[in-house]
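# Coordinates only, no sequence provided:
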């Protein structure tokens, strides 16, 4: 009787290098716990794209190497824990200290904080809920929630719902497409990351140039008029 050849398993980190490769190896080594740790790290290190990490968890679930639902729960728990930490940091800083910090930062002033505070007081729940689905924003939207002392249970609910939906989408994609997802991720994850960085650089440049023009205009208006 001939024995069937063992099925070869795929290394999810193959094709990736650096920190992302290390994170994917962590997921394969620790299973669902590694998924939660990867998303927790992403909360503090935004260059780790969850859009590249979560589909690999779905692919591993497709291969039977982890549970889809436990991976989803671990990812959501990791996002929630990271959000709680940022919330506590915001609450510890407090409104007055943060306002002074913003006002003393180059190219910023107290008016910027006041506008952001007004916006968050009006749209705080929506900002936390939808912010969980936006790169970079999901890492830091918890800070104004802590500063404004959003009710902790409300903050937790908004974060859990937003993160749960986001994680389900990307893990589900990895599970649904199976082996086809990995070549696509290798091809597009780097491109998407570069596009995001370019957009952020353009927005930052636009902000700096606009703010410098605004400061120059104020200086010209406040300068004494020369004698004719």
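That came in fine, so what should we check first? Just so it is clear, the model here is predicted, and its values are computed rather than measured.
# pLDDT averaged over stretch 143-156 - what is it?
Here the mean pLDDT over stretch 143-156 is 89, rounded to a whole number.
# same check, this time on stretch 69-89
If you average the per-residue pLDDT over stretch 69-89, you get 93.
# Outside of it itself, list whatever touches it.
For stretch 69-89, the surrounding residues in contact (CB atoms under 8 Å, 6 or more residues apart in numbering) are 32-33, 35-40, 42-44, 50, 54, 57-58, 60-61, 132, 138-140, 142-143, 145-146, 152, 155-156, 159-160, 163-164, 166-168, 171. Just so you know, the C-beta spots here come from the backbone N, C-alpha and C atoms, and that holds for glycine as well.
# Next, count neighbours for residue 59.
25 (other CB atoms under 10 Å).
# for the helix or strand harbouring it, packing partners?
Secondary structure assignment for residue 59, by DSSP states H and E: helix 50-62. Here helix 50-62 touches helix 18-30, helix 32-44, helix 68-103, helix 152-177, helix 181-222, going by 3 or more CB pairs under 8 Å, 6 or more residues apart in numbering; DSSP states H and E.
# I'd like to know how far residue 158 sits from residue 78.
Distance, residue 158 to residue 78, using CB to CB, to the nearest Å: 17 Å.
# And residue 85, by the same measure?
Residue 85 is 11 Å from residue 78, where distance means CB to CB.
# which one of the two has more residues nearby?
Between residue 85 and residue 78, counted using other CB under 10 Å, the more crowded position is residue 78 (24 against 15).
# gap between the more buried one and residue 70?
Taken as CB to CB, the spacing of residue 78 relative to residue 70 amounts to 12 Å.
# quick one: low-confidence parts of the protein?
1-24, 46-48, 102-110, 112-113, 136, 181-197, 200, 203-204, 207-208, 210-228 (pLDDT under 70).
# Give me the three-state assignment for residue 114.
Per DSSP: H, G, I helix; E, B strand; the rest coil, the local secondary structure of residue 114 is helix.
# Tell me how many other residues crowd it.
Other residues within reach of residue 114 by the criterion other CB under 10 Å amount to 13.
# Give me the nearest residue to it, chain neighbours excluded.
residue 99 (7.9 Å; CB to CB, 6 or more residues apart in numbering).
# Tell me the spacing between that neighbour and residue 116.
As it turns out, when the distance is counted by CB to CB, residue 99 lies 10 Å from residue 116.
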